[in-house]
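Q: model this:
(one chain, ligands or ions: 1)
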Amino acid sequence: MNNYDLIAGCCVAFSDFRFEETVSQHPTLPEYLDYLAKYCAHFQLWPHLHLNTKVEKLWKRASIDGRVSYSAVMIHKRDKNQNKCPREEVKATVETFDLVCICSGLHNTPYIPSFKGIYI
Ligand SMILES: Cc1cc2nc3c(=O)[nH]c(=O)nc-3n(C[C@H](O)[C@H](O)[C@H](O)COP(=O)(O)OP(=O)(O)OC[C@H]3O[C@@H](n4cnc5c(N)ncnc54)[C@H](O)[C@@H]3O)c2cc1C
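A: Residues are numbered from 1 along each chain as shown. Prediction:
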């Protein structure tokens, strides 16, 4: 197993889209990135994905018609290779969503707000 091997193709592939037969049972990182790109293309996910984007702030919006929604301040970082002026590196937008899943990974310092009734 070299440094670029993943554990096992059977474990990292989604059940609705398997690896191509030419990919080894222990795919390399480039193969896995290629698989993820094909997954996004197959399910037409690219228009919904914002890469190089940090969610800076998130809040629940006041509900007018009983429907809950969320707004987020999103910081879009441009690809370093396309940037000439450092001041243009970051652009912020505010966007609204029906649902939010927070999947920020294990390698983060959690921010846990304090509010009445919280029990940790
Ligand atoms: C060195 C190493 C090797 C590993 N090798 C394997 C392997 O070979 N096979 C395997 O199956 N698993 C492997 N794992 C485990 C696997 O990487 C994790 O289980 C998996 O990535 C967890 O996925 P996740 O989506 O929960 O979190 P992550 O993959 O950590 O994704 C969280 C994402 O959220 C983003 N994020 C965080 N905060 C914000 C924010 N405010 N705004 C926007 N984005 C944000 C982060 O940038 C990150 O991209 C390995 C892990 C490590 C550390």
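Q: residue ranges of the strands in this structure, please?
A: 53-60, 70-77, 90-97 (DSSP state E).
Q: okay, now the unreliable bits of the protein?
A: For the chain, residues meeting the criterion pLDDT under 70 lie at 1-7, 9, 79-90, 120.
Q: try 80 this time
A: The chain contains residues with pLDDT under 80 at 1-11, 63-64, 78-90, 111, 119-120.
Q: sorry, back to before: from the strands of the chain, which stretch is densest packed?
A: With neighbours defined as mean count of other Cβ atoms under 10 Å, the strands of the chain peak in mean count at strand 70-77, which reaches a mean of 15. Bear in mind the C-beta positions are built from the backbone N, C-alpha and C, glycine included.
Q: partner strands of it, parallel or antiparallel?
A: Strands that pair with strand 70-77, judged by DSSP bridges, come out as strand 53-60 (antiparallel), strand 90-97 (antiparallel).
Q: neighbours around the residue in the chain that the ligand sits nearest to, how many?
A: Closest residue of the chain to the ligand, Cβ to the nearest ligand atom: residue 105 (2.4 Å). Counted with other Cβ atoms under 10 Å, the burial measure for residue 105 works out to 5 neighbours.
Q: as CSV, the strands paired with strand 70-77 with distance to residue 76 would be great.
A: Below are the strands paired with strand 70-77 laid out as CSV (distance: least, Cβ to Cβ, whole Å):
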stretch, distance to residue 76
strand 53-60, 5
strand 90-97, 5
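Q: now the helices for the protein?
A: With DSSP state H as the criterion, the chain has helices at 9-12, 29-42.
Q: and of those, who's closest to residue 113?
A: Nearest to residue 113, of all the helices of the chain, is helix 29-42, at 32.8 Å by Cβ to Cβ.
Q: show me what counts as buried in the closest one.
A: Neighbour-count burial for helix 29-42 flags 31-32, 35 (criterion: 16 or more other Cβ atoms under 10 Å).
Q: tell me which parts of this structure are close to the ligand?
A: With the criterion set to Cβ under 6 Å from any ligand atom, the chain comes near the ligand through 6-7, 11-12, 54-55, 103-105, 107-108.
Q: out of those residues, who's the most crowded?
A: For the residues of the chain next to the ligand, neighbours tallied by other Cβ under 10 Å; top is residue 6, 17 neighbours.
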